Every structure is written in structure tokens, then in C-alpha cells.
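Chemist: structure of the sequence below:
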Amino acid sequence: MNKNIKNWIIKPIRATVFADRDAYYWIQSKLGLGNYQMAALVWAKGLIIGLLIGAFLL
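Modeler: As a prediction, this is how the structure comes out:
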């Protein structure tokens with residue numbers, strides 16, 4: 001029973017983390033960006049999402 005609950009919690013988290021990593025490298029290769037450019041893209045995405053969430057919460 002404990003192992004079943006552990007798999008129920010761990011599997012979705014692991015799938016999300018690996019999917020994000022694969023998507024990151026896919027976007028990097030398709031756009032031909034370097035590591036610093038990808039960091040700036042991720043930062044800008046986080047800023048935009050944060051501003052949108054903040055606007056909806058106010």
C-alpha cells in the first residue's frame with residue numbers, strides 16, 4: 001500500500017520534471033539559443049507569468 005501511494009505521488013512529479021527538461025532542450029535547439037539566452041528567455045517568461053498572476057489577484 002505504501003509503495004502504491006509513493007508511485008501515485010512520485011510518478012507525476014518525475015514526468016513533469018523530465019518533460020520540462022526535454023522541452024527546454026528542444027526549444028534551445030529549435031531556436032539555436034545559447035545557455036545565457038535560454039536563461040534570459042526563462043526569466044522573461046517567469047516575469048510575464050508573474051505579472052499576469054499578480055494582475056488577476058488584485
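
Chemist: can you give me the offset of stretch 37-49 from its chain's centre?
Modeler: In terms of C-alpha atoms, centre = their mean, to the nearest Å, the centre of stretch 37-49 is set 11 Å apart from its chain centre.

Chemist: cool, stretch 40-53 as well?
Modeler: From the chain centre to the centre of stretch 40-53 is a distance of 12 Å (C-alpha atoms, centre = their mean).

Chemist: quick one: buried residues of that stretch?
Modeler: For stretch 40-53, burial by neighbour count (16 or more other C-beta atoms under 10 Å) applies to no residue. Yep, even glycine has a C-beta here, placed from its N, CA and C like the rest.

Chemist: name the residues that touch that stretch?
Modeler: Tyr24, Ile27, Leu33 (C-beta atoms under 8 Å, 6 or more residues apart in numbering).

Chemist: before we move on, what about stretch 24-31?
Modeler: Under the criterion C-beta under 8 Å, 6+ apart, residues Leu33, Met38, Leu41, Val42 lie in contact with stretch 24-31.

Chemist: just the closest of those residues to Val17, please.
Modeler: Val42 (14.8 Å; C-beta to C-beta).

Chemist: in the chain, where's the longest helix?
Modeler: If you go by DSSP state H, the chain has its longest helix at helix 2-31.

Chemist: pLDDT below threshold where in this protein?
Modeler: 1-2 (pLDDT under 70).

Chemist: just want the most central residue of it.
Modeler: Asp20 (4.6 Å; C-alpha atoms, centre = their mean).

Chemist: look up how far Trp26 lies from it.
Modeler: The gap separating Asp20 from Trp26 is 11 Å, by C-beta to C-beta, to the nearest Å.

Chemist: so what sits against both of the two?
Modeler: With contacts defined as C-beta under 8 Å, 6+ apart, no residue is adjacent to both Asp20 and Trp26.
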